[in-house]
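J.: With the input below, show me the fold.
(2 chains)
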Number of protein chains: 2
Amino acid sequence: MIDLEKHNRMANAIRFLAADAVEAAKSGHPGLPMGAADIATVLFTQVMHYDPTRPDWPDRDRFILSAGHGSMLLYAVHYLLGSEDFTLDQLKKFRQIGALTAGHPEFGHGAGIETTTGPLGQGLANAVGMAISERHLRETFGDALTDHYTYVLAGDGCLMEGISQEAISLAGHLKLDRLIVIWDDNGISIDGKVSLTDSTNQLERFEASGWATVAIDGHDPAAIAAALVKARENDRPTLIAAKTTIGFGAPNKAGSEKVHGSPLGAEELAATRKALGWTHEAFEVPSDILDAWRIAGLRSGQARKEWEKRLAAADTELRSEFERRLRGDLPAGFADAMTKLKKQIAQDKPTMATRKASEYVLGTITKVVPETIGGSADLTGSNNTKTADTAPITPDDFTGRYLHWGIREHGMAAAMNGMALHGGAIPYSGTFLVFSDYARPAIRLAALMRQRVIHVMTHDSIGLGEDGPTHQPVEHYAALRAIPNLDFYRPADVTETLECWQLALESSETPSVLALTRQNLPPVRTSFETENLSARGAYVVAGGDEAPEVTIFASGSEVEIALKARETLEAAGTATRVVSVPCMERFERQSADYRADIAGSAKVKVAIEAGIRMGWDAIIGSDGIFVGMTGFGASGPYQELYRHFGITPEAVVAAVNARL
Amino acid sequence: MIDLEKHNRMANAIRFLAADAVEAAKSGHPGLPMGAADIATVLFTQVMHYDPTRPDWPDRDRFILSAGHGSMLLYAVHYLLGSEDFTLDQLKKFRQIGALTAGHPEFGHGAGIETTTGPLGQGLANAVGMAISERHLRETFGDALTDHYTYVLAGDGCLMEGISQEAISLAGHLKLDRLIVIWDDNGISIDGKVSLTDSTNQLERFEASGWATVAIDGHDPAAIAAALVKARENDRPTLIAAKTTIGFGAPNKAGSEKVHGSPLGAEELAATRKALGWTHEAFEVPSDILDAWRIAGLRSGQARKEWEKRLAAADTELRSEFERRLRGDLPAGFADAMTKLKKQIAQDKPTMATRKASEYVLGTITKVVPETIGGSADLTGSNNTKTADTAPITPDDFTGRYLHWGIREHGMAAAMNGMALHGGAIPYSGTFLVFSDYARPAIRLAALMRQRVIHVMTHDSIGLGEDGPTHQPVEHYAALRAIPNLDFYRPADVTETLECWQLALESSETPSVLALTRQNLPPVRTSFETENLSARGAYVVAGGDEAPEVTIFASGSEVEIALKARETLEAAGTATRVVSVPCMERFERQSADYRADIAGSAKVKVAIEAGIRMGWDAIIGSDGIFVGMTGFGASGPYQELYRHFGITPEAVVAAVNARL
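T.: Below is the predicted model of the structure:
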């Protein structure tokens, strides 16, 4: 039997901590925490396995507040449970600079925030990735070590965003039975009633994608508990549609959009206190209720200790590998394997499309780095992301390491964020570079959260040819380079592809995009170098020995053009240096001296890239010569397109000579 | 009674034109045209109202090939119908530079291509916008002038992309009964069977959002015709799930992913000819079949003539207004109204957030430009996009001019493209600038298609404050400026907001983004100027009279900071010029002389913008001083954030003095 009065007071503690913090901050979202307080109380005090004394316990249940604007729900719950991060002091500093209690939950700000949410729908898709990682680890290492659930609280906005469909249909297809989504069905969005903009029967929609569903009263603790217990037993993911009143308890504003995103105001807050019989001051939680929360917070301590025993008792090698993967350390043999392969490449000097080069390098990577989980958004044969070591993950077998993501670029990228956040996996994707736009909101969040996710994006220029401008990235180099803490790589040959892959894998706090060609490229590097020359972002490929009159910078497929232009210029007596720029961001992070040395004393600086000029002025100056695109591409055979758009050695030579 | 043999031969004409063209191009997608040939034959020869002799007939039915990779279906159909654009010669030049027959259908390449498709799901969402425009015009001007249907052919990929859910749920909610989607249910995607990646029951999914649905054999012409006729009678949008065999007729490759995106090969193509009894050479259509198509093509001529009569008979004023809207000309009184308002603003000198300024200006615009249809993705009160003249469009009444789009940024932007493409509407949206990422694939297509759609994107910097980095655009200025043929405006005060709005409305072939502040800004312009000073992208705000030592460029909310920095610098005897840059792209399009004049002779050039530096080097040089952001923002009150990130007049003065 649930002690209803006690439950209500425990839930009211969330409500008033949230409302008081929003009031103090003079901004924020009280409506969701007040509406979902009953759900959170039942979930955290009766159902979830979570130990506030060891919040990094790898086998804890995950809770994702996909409706991130309700951040105070999370902060209040973790304070009540006894979090060391979310103290009362932090709650009082809600939405202030430097506080852990940011406007939206920011991953890294404190234990209990499993992912950064706010942009709607992302958390739901992250959770799909977490459930994938959980099941992959469970089936790979056994359920003694991994055996937990992923809970999501999603709002109407999460379900209206398109990304939700990608997440829902994927989760249903994969039968992610440990994924439980609670929909905070309060019927209110910012503009008013949800019925103003949507008439979808969400239960039927989820059922259409293979989910179990149930509708409950989201203020009835017994119903919440029963639904959660039942959901854990389902053989498929579960949607719990919990009917709630937004801003529950506020006598004049509850149930309306007025309580969504603004403080209640002193008067309404006082009236709410009266209506709910809460006689305590702002930020004050009566000791019996705080005790009840704290005791509930210790519920999972025993389970956690039992898990620790199982881990200690596990096979030494298994345990060590499990722990290594969770730490995120690469395997001991990784660097050597890469060096060996690099020597082989230097010897073979293959001419190859960099997407093929990536496949070749992945052959070694997926062999020696078993935590890599690859995939493609339905372009496996084009992205070349599948290797002999990566069997598919299927609804019935998660020991595989390859995800056929379907035509779901956004869901893929967001789920990959969840996989990385969960720990134990290094996810890499595949799609065309132009479709980075579809995945962009999730790529941004990977960068903000400092997650190691790697996007393989092929067909990286007009070089893809006949598919035309809808498929030809032009502005995407600049647009991706613009995202802070994202490294955009565009290797020029097989060796650089290997180096960029190695850098991406070693960047444990930075996501990477590898932009790769459809078309063949000759080797730019023909001798073996121990050093990873791509690590500094740009290096001299040719003409480094003398003072250049002209320095040509280029990336990817255009390095070949730069080298050919150099031949002509040198033949005419113009000392010309060629610099390959596999990663502009890394180059920008180098010292001014290094950057100046690379450019040399050249009077004329040139950049060649089959994208727009934006970004290159920082390297060649606004008076530098840029040979690239000025607008959208066109449909045609790729060699003809390069000629059509004037991205040729001849055009470079002509522009240089005109300047000299 | 359908003459089955004749139907089959008519459909086979599509199949072989497509397969032959792909074979000749050595690349392309034969699978869809071969699989959907029966559907297209029935639709275009029996159901659709379309007149190839007047393909711009405004009341024609629209056909959207959302699965754009099947472009040869469209080119073949229009050739067969007698298109002047898609001649046999063009079909033979499929996927060659300069041909109308690009790899994917490109809007503007020829009549019959109603929108550019290729990026999956976009066409479906465009069609929702077209159906919105149709119904809005029908209810506004009467069904004598507008009374047509929108047909979509969508593939599995379209339905898997998240944008499809936004489109489907919106269309269902709005009861767009003139929207008929035919799902080419061939069960195959690039990686193999759709069942590899998805288990969604699409009929149930559509029904959950209020659609009528029916499943048919997509190779049975009688069933196709019956379903289409029935669909036209439904009081809601209809999904026709048409089971087809991809690459129908190819004896060894049909029904598999092998026929999706590669030529059949000479052998298989010959075998297909044999299997389907097609004895004709490549690109040869027997005259009886070509005649049958051409005669069918003339079916709608009578309906078109009757429409012309109705138009001629319509009330003169109504007709003239209808025709003006379809031409896309702005009303005669527009410019004067803007000038009058501009004078008023110069007199009032209001201090106002630019989002409020936009609302103020929209008050006049929506009054004098009745074809504007506004909206917001559930941020109406924040985006300030609704005015007294824009009543909501509801499922039961489309005479309104405001769309509550719901939390569907991507669907909104794509539907707006469809509204603009349809003609008769100038759509403008509302969301936060950071969520331009969600809408980005559709914004790109607006630019590629040269459509007048206007995105109002508020909360345009860290100035939004407490919502924190997930909601603070930092890289978005650069990322949007990077898109070719998109003008990104960031006005600094009410007057500039008016000017930018005017430019956006007058740009009939360029989409615009208006980035607007949450926070108040003082007037930068205090006197009335007849000329639209924002038209050249940048202009001198202060210090234009003398040769400057320092020129400070800034946009939006940072112009105020520039002006304050100037005061301090001038007080210390440093001649300082301030340049407002409301539109960097427009400035880049000016002559080198104009650009040089604006900068003046300043030794020190500075740019201030609350985003990243990318893009500014072209104006201030790589040695210019940039005061802005270098990474993600933070949660806190906005004035504190500006100080925290060092975007202040003091920081600017210090940096300038250090340089001088």
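J.: Only C-alpha atoms from now on, for both contacts and neighbour counts.
T.: Will do.
J.: could you pull out the helices for the stretch 251-400 of chain A?
T.: For the stretch 251-400 of chain A, applying DSSP state H, counting those that start in this stretch gives helices covering A:266-276, A:287-297, A:301-313, A:316-327, A:334-348, A:354-368, A:380-383.
J.: Comparing the ones you listed, which comes out most buried?
T.: Highest mean neighbour count of the helices of the stretch 251-400 of chain A: helix A:354-368, a mean of 22 (counted as mean count of other CA atoms under 10 Å in any protein chain shown).
J.: from the chain's centre, how far out does that helix sit?
T.: 22 Å (CA atoms, centre = their mean, to the nearest Å).
J.: counting contacts, what elements does it pack onto?
T.: Helix A:354-368 is packed against helix A:334-348, helix A:494-506, with contacts defined by 3 or more CA pairs under 8 Å, 6 or more residues apart in numbering or on different chains; DSSP states H and E.
J.: can you tell which of the helices of the stretch 251-400 of chain A is closest to residue B:91?
T.: Closest to residue B:91 of the helices of the stretch 251-400 of chain A is helix A:380-383 (CA to CA; 26.1 Å).
J.: per-residue confidence for residue A:546?
T.: Note on residue A:546: pLDDT of 88.
J.: Could you check how many residues crowd around the closest residue to it other than its chain neighbours?
T.: Once flanking residues are discounted, residue A:546 sits nearest to residue A:575: 7.6 Å by CA to CA, 6 or more residues apart in numbering or on different chains. Other residues near residue A:575 number 20, with proximity taken as other CA atoms under 10 Å in any protein chain shown.
J.: pretty sure residue A:575 is touching residue A:548, no?
T.: Yes: with contact defined as CA atoms under 8 Å, residue A:575 reaches residue A:548; the gap is 4.9 Å.
J.: Whatever residue of chain A ends up closest to chain B: what's it in contact with?
T.: Residue nearest to chain B within chain A: residue A:162 (3.8 Å; CA to the nearest CA). Residues near residue A:162 by CA atoms under 8 Å, 6 or more residues apart in numbering or on different chains: A:121, B:161-166, B:408, B:410.
J.: Now it. Nearest residue, chain neighbours left out?
T.: Per CA to CA, 6+ apart, closest to residue A:162 is residue B:162, 3.8 Å.
J.: how much space between the one you found and residue A:165?
T.: Distance, residue B:162 to residue A:165, using CA to CA, to the nearest Å: 5 Å.
J.: follow-up on the earlier one: make a markdown table out of the helices and strands packed on helix A:354-368 and add distance to residue B:13.
T.: As requested, those are arranged in a markdown table below (distance: least, CA to CA, whole Å):
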| stretch | distance to residue B:13 |
| --- | --- |
| helix A:334-348 | 49 |
| helix A:494-506 | 45 |
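J.: Mean pLDDT and distance to residue A:207 added to these, as TSV?
T.: TSV is the format used below for these (pLDDT from 0 to 100; distance: least, CA to CA, whole Å):
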stretch	mean pLDDT	distance to residue A:207
helix A:334-348	98	44
helix A:494-506	98	38
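J.: Among these, which comes closest to residue A:54?
T.: helix A:494-506 (27.5 Å).
J.: after that closest one comes which helix or strand?
T.: Next helix or strand after helix A:494-506 toward the C-terminus (DSSP states H and E): strand A:512-515.
J.: That next one vs chain B: in contact?
T.: No: under the criterion of CA under 8 Å from any CA of the partner chain, chain B is not reached by strand A:512-515; the shortest gap measures 16.0 Å.
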